[in-house]
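Undergrad: this one's structure only:
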Ligand SMILES: Nc1ncnc2c1ncn2[C@@H]1O[C@H](COP(=O)(O)OP(=O)(O)OP(=O)(O)O)[C@@H](O)[C@H]1O
């Protein structure tokens with residue numbers, strides 16, 4: 001059984017999720033200790049437990065330690081990932097509403113199902129746009145288009161927005177499984193900025209809020225001499241929520257930036273936060289944003305070819321995820337300190 005130290009580096013939930021995906025794909029039984037030791041409340045939180053159960057369901061894994069707060073988990077797959085119809089609901093794990101991030105559960109099961117011999121239809125319920133995780137809009141506009149270039153065949157549809165703390169958002173994910181190995185990716189330059197798309201969205205809040213967010217973002221981008229298309233959107237939801245989501249489409253890659261609203265935070269401020277994040281990235285000339293940087297490691301490690309990409313920032317998430325992947329012996333990851341080029345060399 002492969003032993004993984006959950007306290008390594010970032011010591012967060014990503015060590016667990018990457019390990020679950022790789023255990024499901026390779027059939028390798030694992031034991032993770034000191035889960036999320038780097039966090040204020042260590043152990044499995046609801047979002048993590050939902051990901052554990054989801055990964056276990058698709059590869060029929062036997063589990064030990066699958067409880068909220070558990071700091072140790074054993075995960076023993078008994079089958080290769082099985083395509084099919086699945087429903088993963090964060091609220092079912094708790095018995096109450098929860099905004100546990102759907103995106104993180106989606107990322108745990110996507111590659112195992114994409115590399116399985118058949119089609120899958122997955123319904124995911126929980127938080128769709130919550131802090132400290134990829135907003136579903138980022139998954140749709142940045143992460144999926146990038147992994148599609150590597151051979152992953154998947155489409156998603158946001159069916160309901162779910163914010164902190166109630167959650168209750170919904171995403172439908174269609175995956176066309178294929179046993180053709182993934183291709184590597186090479187992105188060393190971003191190329192020209194083709195367009196900036198923005199979505200200023202609220203649920204259950206007055207129409208002036210998305211309008212104020214959208215015009216503030218548009219004006220700030222115009223001041224920076226960047227043309228953009230920022231749409232205000234007022235959607236239905238079970239609770240109030242607001243957020244600003246920007247996608248920058250360059251010739252060779254996309255990058256995403258966001259800010260989530262909360263009570264007491266002016267609409268204009270939410271827009272400014274997202275725009276500032278984008279402008280800081282724009283000022284570097286790197287193609288890969290800080291989040292895609294760590295998220296691309298997993299598909300790159302599963303590809304048959306070498307991958308190389310230049311990142312805007314070498315985060316602890318990136319170096320930690322690189323370490324997890326190396327524990328499975330699937331690939332070697334090198335990060336050049338001067339150029340910030342990540343090279344993933346598969347061992348298979
Ligand atoms: N604004 C964002 N846009 C895109 N991706 C994001 C954003 N914020 C965080 N992420 C991604 O979400 C993941 C969070 O990983 P992390 O280990 O912190 O997980 P976690 O399960 O939220 O854990 P924990 O509660 O332990 O912090 C990383 O892949 C990170 O790149």
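TA: Received it, and whenever you're ready, just let me know what you need. Quantities reported herein were computed from a predicted structural model and do not represent experimental measurements.

Undergrad: where exactly do the helices run in the stretch 201-348 of the chain?
TA: 208-223, 267-283, 290-295, 297-302, 316-327 (DSSP state H, counting those that start in this stretch).

Undergrad: and the last one, what does it pack onto?
TA: For helix 316-327, the packing partners by 3 or more Cβ pairs under 8 Å, 6 or more residues apart in numbering; DSSP states H and E come out as strand 2-5, helix 13-26, helix 290-295, helix 297-302, strand 331-335, strand 341-346. Every residue, glycine included, has its C-beta placed from N, CA and C.

Undergrad: in a markdown table, list those along with mean neighbour count.
TA: Shown next, in a markdown table, are the helices and strands packed on helix 316-327 (neighbours: other Cβ atoms under 10 Å):
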| stretch | mean neighbour count |
| --- | --- |
| strand 2-5 | 16 |
| helix 13-26 | 25 |
| helix 290-295 | 23 |
| helix 297-302 | 27 |
| strand 331-335 | 17 |
| strand 341-346 | 20 |
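
Undergrad: state the pLDDT value of the nearest residue to residue 34 once chain neighbours are set aside.
TA: What sits nearest to residue 34 in space, not counting adjacent residues and going by Cβ to Cβ, 6 or more residues apart in numbering, is residue 7, at 3.9 Å. On pLDDT, residue 7 comes in at 98.

Undergrad: if I look at residue 7, how far off is the ligand?
TA: 11 Å (Cβ to the nearest ligand atom, to the nearest Å).

Undergrad: so that residue, which of the three states?
TA: coil (DSSP: H, G, I helix; E, B strand; the rest coil).

Undergrad: for the ligand, find the nearest of the helices of the stretch 201-348 of the chain.
TA: Comparison of the helices of the stretch 201-348 of the chain against the ligand by Cβ to the nearest ligand atom identifies helix 290-295 as nearest, at 3.3 Å.

Undergrad: quick one on the thing from earlier: and among the helices of the stretch 201-348 of the chain, the most buried is which?
TA: Among these, helix 297-302 has the highest mean neighbour count (mean count of other Cβ atoms under 10 Å), at a mean of 27.

Undergrad: check the offset of it from the chain's centre.
TA: On the basis of Cα atoms, centre = their mean, to the nearest Å, helix 297-302 sits 14 Å off its chain's mean C-alpha point.

Undergrad: what packs against that helix?
TA: Helix 297-302 packs on helix 13-26, helix 102-114, helix 316-327, strand 331-335, strand 341-346, going by 3+ Cβ pairs under 8 Å, 6+ apart.

Undergrad: where does the stretch 51-200 of the chain have low pLDDT?
TA: 96 (pLDDT under 70).

Undergrad: point me to the residue of this protein nearest the ligand.
TA: For the chain, Cβ to the nearest ligand atom, closest residue to the ligand: residue 13, 2.1 Å.

Undergrad: remind me which helix or strand the residue nearest to that residue when sequence neighbours are not counted belongs to.
TA: Spatial nearest neighbour of residue 13, chain neighbours left out: residue 48 (5.1 Å); criterion: Cβ to Cβ, 6+ apart. Using DSSP states H and E, residue 48 sits within helix 46-58.

Undergrad: what pairs with the following helix or strand past that helix, parallel or antiparallel?
TA: On the C-terminal side of helix 46-58, the closest following helix or strand by DSSP H and E is strand 62-64. Sheet pairing here is set by DSSP bridges, and for strand 62-64 it gives strand 73-76 (antiparallel).

Undergrad: quick check: residues of this structure near the ligand?
TA: 10, 12-14, 36, 39, 48, 104, 132-134, 138, 258, 291, 294-295, 317 (Cβ under 6 Å from any ligand atom).

Undergrad: all set now, cheers.
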